[in-house]
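Sharing a model prediction with you, sequence too.
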Amino acid sequence: MKPSLLLLALSTLALGAGCATSPQIGAYQKAIKDAGFVAYNQPVGDVHNGKDWDKYGPGTILRTKNQAYYYPANIVIGADGVQSALDPKNASPITLFSGRKVSGYDYDGKGGWTLDAVNQISGSIGLKRDTTVDLQFGKAYLANPLGEGDMHQALAKARPNIDAVARKALQRGQFACVQNVVWTDSVRYTFKQNVANGASVTYQLSAQEIAALTAKGYKVIEGGVEVSAPTFIAYTPLPEPGQDVAPAR
């Protein structure tokens with residue numbers, strides 16, 4: 001894939017539900033889709049928390065529409081598999097995501113403030129202006145405890161523990177089985193203020209706002225507010241999982 005596919009046009013994320021726009025796929029979403037990944041609708045979970053690997057990591061059975069888990073990963077790959085997935089020693093760097101900057105709208109495909117971290121940051125400083133927000137990921141890593149063939153075998157073995165609703169949904173593409181997952185060690189949020197002619201400039205945090213953010217444990221770097229908690233940002237769906245849970249013939 002050419003690097004130019006990853007150059008992302010800035011798009012507006014307006015403050016307030018009244019400014020919502022129609023969902024559409026953005027340049028970032030297209031780039032990672034072409035690479036075989038699916039973005040989580042926003043950075044989600046805590047990479048240090050084993051329970052969150054059960055919800056978002058390899059082996060998890062997800063509802064594809066809202067990305068909520070239906071079965072935890074341990075049902076498919078077992079508790080040992082979950083522990084192997086979360087071990088940082090088993091993760092490898094992935095340049096597709098590392099250091100990439102994306103717009104909030106382009107990231108989650110929705111209008112309005114829909115990113116939890118943005119709500120928390122803006123609430124900390126009382127930000128109520130007409131602004132946009134960009135995200136920039138830190139170092140990103142790919143956790144892939146099982147190859148595609150092994151994950152198919154694990155899912156087939158887990159079939160007796162998966163109910164008919166999930167089996168049918170996997171066959172219809174309404175559910176997905178996470179094959180591997182991408183996480184980042186930090187996310188930086190940069191606010192931009194709309195100006196004349198549709199242009200925007202980086203919102204300049206005041207000394208008082210920086211002090212308020214610092215007091216809450218945030219870092220302000222190059223005008224952006226950085227959240228250093230490692231978090232999940234994308235996953236690879238296992239191809240054709242429905243065949244693994246289909247009734248035996």
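Okay, I see it. Residues are numbered from 1 along each chain as shown.

Tell me where the longest strand sits in the chain.
Ranked by residue count and defined by DSSP state E, the top strand of the chain is strand 175-184.

Give the other helices and strands that it contacts.
If you count contacts as 3 or more CB pairs under 8 Å, 6 or more residues apart in numbering; DSSP states H and E, strand 175-184 packs onto strand 61-63, helix 73-86, strand 140-143, helix 148-157, helix 164-172, strand 231-237. Heads up, the C-betas are built off the backbone N, CA and C, glycines and all.

Please identify the most buried of the ones you listed.
Highest mean neighbour count of the helices and strands packed on strand 175-184: strand 231-237, a mean of 23 (counted as mean count of other CB atoms under 10 Å).

Lowest mean pLDDT among the helices and strands of this structure, which one is it?
helix 104-108 (a mean of 71; mean pLDDT, DSSP states H and E).

Following element in sequence after that helix, please.
Using DSSP states H and E, the next helix or strand after helix 104-108 towards the C-terminus is helix 116-125.

pLDDT averaged over the next helix or strand after that next one - what is it?
Per DSSP H and E, the first helix or strand lying C-terminal to helix 116-125 is strand 131-137. For strand 131-137, the mean pLDDT works out to 82.

Just checking: what are the partner strands of strand 131-137?
strand 101-103 (antiparallel), strand 187-194 (antiparallel) (DSSP bridges).

To residue 93, which of those lies closest?
strand 187-194 (16.6 Å; CB to CB).

Now the closest one - C-alpha only, PDB.
Only the C-alpha atoms of strand 187-194 are listed here, as PDB (Å, rounded to 0.1, in the frame of the first residue of the first chain):
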ATOM      1  CA  VAL A 187      -3.100   9.000  22.000                       C
ATOM      2  CA  ARG A 188      -2.600  12.800  21.500                       C
ATOM      3  CA  TYR A 189      -5.600  15.000  21.000                       C
ATOM      4  CA  THR A 190      -5.100  18.400  19.300                       C
ATOM      5  CA  PHE A 191      -8.000  20.800  19.300                       C
ATOM      6  CA  LYS A 192      -8.500  23.200  16.300                       C
ATOM      7  CA  GLN A 193     -10.600  26.300  16.200                       C
ATOM      8  CA  ASN A 194     -12.600  27.100  13.100                       C
END
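
Can you name the residues in contact with that strand?
10, 12, 43, 115, 117-118, 121-122, 127, 129-138, 200-203, 205, 221-227, 231, 233 (CB atoms under 8 Å, 6 or more residues apart in numbering).

What lies in contact with stretch 51-69?
Outside stretch 51-69, the residues that reach it (CB under 8 Å, 6+ apart) are 40-41, 44-47, 70-77, 81-82, 85-86, 143-146, 151, 154, 162, 166, 169-170, 173-181, 232, 235, 237.

Let me see the mean pLDDT of it.
Stretch 51-69 comes out at a mean pLDDT of 93.

any idea how far residue 237 is from residue 204?
41 Å (CB to CB, to the nearest Å).
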